[in-house]
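Peer 1: Okay, here's the prediction I keep looking at, along with the sequence it came from:
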Amino acid sequence: MASQKAGSRKRPLDLTDDFLNITPWWNSDNGEQLVDDPGLHLGPSNSCGSRAPVGSSAAQGAAISSCKEVMRPVTVDAEDYHMKPLSLGGNVSVFDINLHEGPQSRQNVERYYSLCKNHANLHVTTSCFTIWRKHKKTNGYAKVIPAVRAGGEDVRIFFFDDNLEWDGFEDSPGICNLRDVATGDFVDFCEGKNGFCRGHAARHTVIYHSTKYKNVLVKANILDAMEDQQYFASIIKRFSQPHEKIIVFMDVNSTIVCNDSVQGKDLGNTLLGTLFEFIELNPREAFELIFDAHPPLKIEKLRTFKQLVKDMTSGDHLSYSSFWTEEKCWRLFIELAGKGEVRWAGQDSPFSLEQCRTLFKEYMVTLDRVISKDGIPESWFHVFKELNAHGNHNIVLNSFGVDTRKVILATVPDERQALQVAVNYELWDSRDMQKFQGQFKS
């Protein structure tokens, strides 16, 4: 794992909601409060008996090294959870589970939940993109997230994903297939349904939490995750109780990985590309964009600025990578602002070039020390260490692609520790299967 630059950090904006009065998340092992402070805190003993300051990358590396001698490949009784072992080569254990087809899939929601709750160490679930795409990318065929009713088990389930949509019905466009573990039924999660209400964190993050279910849905923002080391941990602390077992389902791309930084851009280029991901143009009418020497681009519907840049450069990698300069980005912003309404994603008010430039300057100051060479912010390593050190909480990486492996290799010393689950593997198309199998043979 790449080392991170140390230093004091300012607290993020709007970190708490006025109506929330959540008991702090306490370390039940020693009674020590894990306060929301950017300084270093001693966590409880881990499985190797070592103690290290939370939030220190050097300490993380030391803890990993001290544990290497006792690492074992992951083992699980597949029959207990109605899973099938997959023989994909390599030394990693991979299991297939049916969460989408027939009556068995409803029963398997509870079994999948039990697996995520009972099995220690890092989990990886690769969801079925084929079936999601086939059903027009609606919630009812997306990433399965177990929903537990309030008043039952002492658990709290978090789902962090940058693509969450808040219509919240089974047939709504979206990425969250929230399923009641007792019945297998879809749980509507729009505001006002099943006790769900809206909250906010940091600058751009939207949260839906429920009084009827032990679930917290977080529309994560990679800028917030990069800016504050405590980002994920502070949200979990706000919405959980001391006695609860925490299960975190975590998306990868644009949630804990900044793709542009992985592509070799410097900080300014990375930041411009990331900002453009969140800026939307709603054209007043269809028009043709002619910008520099790029081919004309017809724009008819709502698109993000980044999507427009990708379309405009037409898959030309050199043209795309060289686009991300302030001069070009600000000129494009001015051009597009004259063609329709420009807004920050999820916001109702207009978003101006001046606001964008101000954000860019602020983030240039705060982000320089928090992005690793793999594009993974320190906030991911921090929350993983806090939850893992406690010994009773679990994290599940949930993605439609093979992007999880990079995170695993940067997080744990031996990828065989991570339990790998493929959802309805037999329904995947051949291209996805080849990519998935290939990662275990490299």
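Peer 2: Alright, I've got the coordinates.

Peer 1: tell me the pLDDT at the residue lying closest to Val412 once chain neighbours are set aside?
Peer 2: Once flanking residues are discounted, Val412 sits nearest to Leu122: 5.9 Å by Cβ to Cβ, 6 or more residues apart in numbering. Quick note: C-beta positions are derived from backbone N, CA and C, even for glycine. Predicted confidence (pLDDT) for Leu122: 91.

Peer 1: Now do Pro141 against Gly174, distance only.
Peer 2: To be clear, residue 141 is Tyr; Pro isn't right here. 10 Å (Cβ to Cβ, to the nearest Å).

Peer 1: Over to Thr126?
Peer 2: Counting by Cβ to Cβ, the gap from Thr126 to Gly174 is 19 Å.

Peer 1: Same question for Phe333.
Peer 2: 29 Å.

Peer 1: Tell me which residues touch the nearest residue to Lys245 once chain neighbours are set aside, please.
Peer 2: Nearest residue to Lys245, sequence neighbours excluded (Cβ to Cβ, 6+ apart): Val155, at 4.8 Å. With contact set as Cβ atoms under 8 Å, 6 or more residues apart in numbering, Val155 has these partners: 117, 148, 214, 244-247.

Peer 1: if you set the cut-off to 6 Å instead, what comes out?
Peer 2: Residues near Val155 by Cβ atoms under 6 Å, 6 or more residues apart in numbering: 148, 214, 244-245.

Peer 1: And it, what's its pLDDT?
Peer 2: For Val155, pLDDT reads 97.

Peer 1: I figured Asp180 hits Pro146, correct?
Peer 2: No. Look at Asp180 against Pro146 with Cβ atoms under 6 Å: they stay out of range, at 8.3 Å.

Peer 1: State whether Glu227 and Thr366 are indeed in contact, as I suppose.
Peer 2: Yes. Using Cβ under 6 Å, Glu227 makes contact with Thr366 at a distance of 5.2 Å.

Peer 1: which of the two has more neighbours?
Peer 2: Glu227 (23 against 15; other Cβ atoms under 10 Å).

Peer 1: and the gap between that one and Leu367?
Peer 2: 6 Å.

Peer 1: circling back: between Phe333 and Gly174, who's got more neighbours?
Peer 2: Gly174 (24 against 20).

Peer 1: ok, the more buried one - contacts?
Peer 2: Gly174 neighbours (Cβ under 6 Å, 6+ apart): 139, 165.

Peer 1: measure it to Ala142 for me?
Peer 2: Distance from Gly174 to Ala142, by Cβ to Cβ: 6 Å.

Peer 1: do Leu178 as well
Peer 2: 9 Å.

Peer 1: burial of the residue lying closest to Glu153 once chain neighbours are set aside, as a residue count?
Peer 2: Spatial nearest neighbour of Glu153, excluding adjacent residues (Cβ to Cβ, 6+ apart): Lys214 at 7.4 Å. If you count neighbours by other Cβ under 10 Å, Lys214 ends up with 25.

Peer 1: Can you report phi and psi for Lys214?
Peer 2: phi -90, psi 50 (degrees, to the nearest 10).

Peer 1: helices and strands of the protein: which one bottoms out on pLDDT?
Peer 2: The helix or strand with the lowest mean pLDDT-type score in the chain, counting by mean pLDDT, DSSP states H and E, is strand 41-42 (a mean of 29).

Peer 1: partners of the helix or strand harbouring Val216, with directions?
Peer 2: Using DSSP states H and E, Val216 falls within strand 215-219. Sheet pairing here is set by DSSP bridges, and for strand 215-219 it gives strand 155-161 (parallel), strand 205-210 (antiparallel).

Peer 1: most packed of those strands?
Peer 2: strand 155-161 (a mean of 24; mean count of other Cβ atoms under 10 Å).

Peer 1: Now do that strand: distance to the chain's middle.
Peer 2: 10 Å (Cα atoms, centre = their mean, to the nearest Å).

Peer 1: and what of stretch 286-295?
Peer 2: 34 Å.

Peer 1: got a list of contacts for that stretch?
Peer 2: By Cβ under 6 Å, 6+ apart, stretch 286-295 touches 296-300, 312, 339.

Peer 1: Just name the closest of those residues to Ala389, please.
Peer 2: Among those, Met312 lies closest to Ala389 (Cβ to Cβ), at 46.5 Å.

Peer 1: Over to that closest one. Which of the three states is it?
Peer 2: helix (DSSP: H, G, I helix; E, B strand; the rest coil).

Peer 1: I'd like to know how far it sits from Asp292.
Peer 2: In terms of Cβ to Cβ, Met312 sits 9 Å off from Asp292.

Peer 1: between those two, which one's more packed in?
Peer 2: Met312 (21 against 10).

Peer 1: And the strands in the stretch 51-200 of the chain?
Peer 2: 53-54, 84-86, 94-97, 123-126, 143-147, 155-161, 176-180, 196-201 (DSSP state E, counting those that start in this stretch).

Peer 1: Run through the neighbouring helices and strands of the last one.
Peer 2: Packed against strand 196-201, as judged by 3 or more Cβ pairs under 6 Å, 6 or more residues apart in numbering; DSSP states H and E, are the following elements: strand 205-210.

Peer 1: quick revisit: can I get the strands of the stretch 51-200 of the chain in JSON lines with distance to Leu223?
Peer 2: Converted to JSON lines, the strands of the stretch 51-200 of the chain look like this (distance: least, Cβ to Cβ, whole Å):
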{"stretch": "strand 53-54", "distance to Leu223": "23"}
{"stretch": "strand 84-86", "distance to Leu223": "37"}
{"stretch": "strand 94-97", "distance to Leu223": "33"}
{"stretch": "strand 123-126", "distance to Leu223": "25"}
{"stretch": "strand 143-147", "distance to Leu223": "22"}
{"stretch": "strand 155-161", "distance to Leu223": "14"}
{"stretch": "strand 176-180", "distance to Leu223": "21"}
{"stretch": "strand 196-201", "distance to Leu223": "12"}
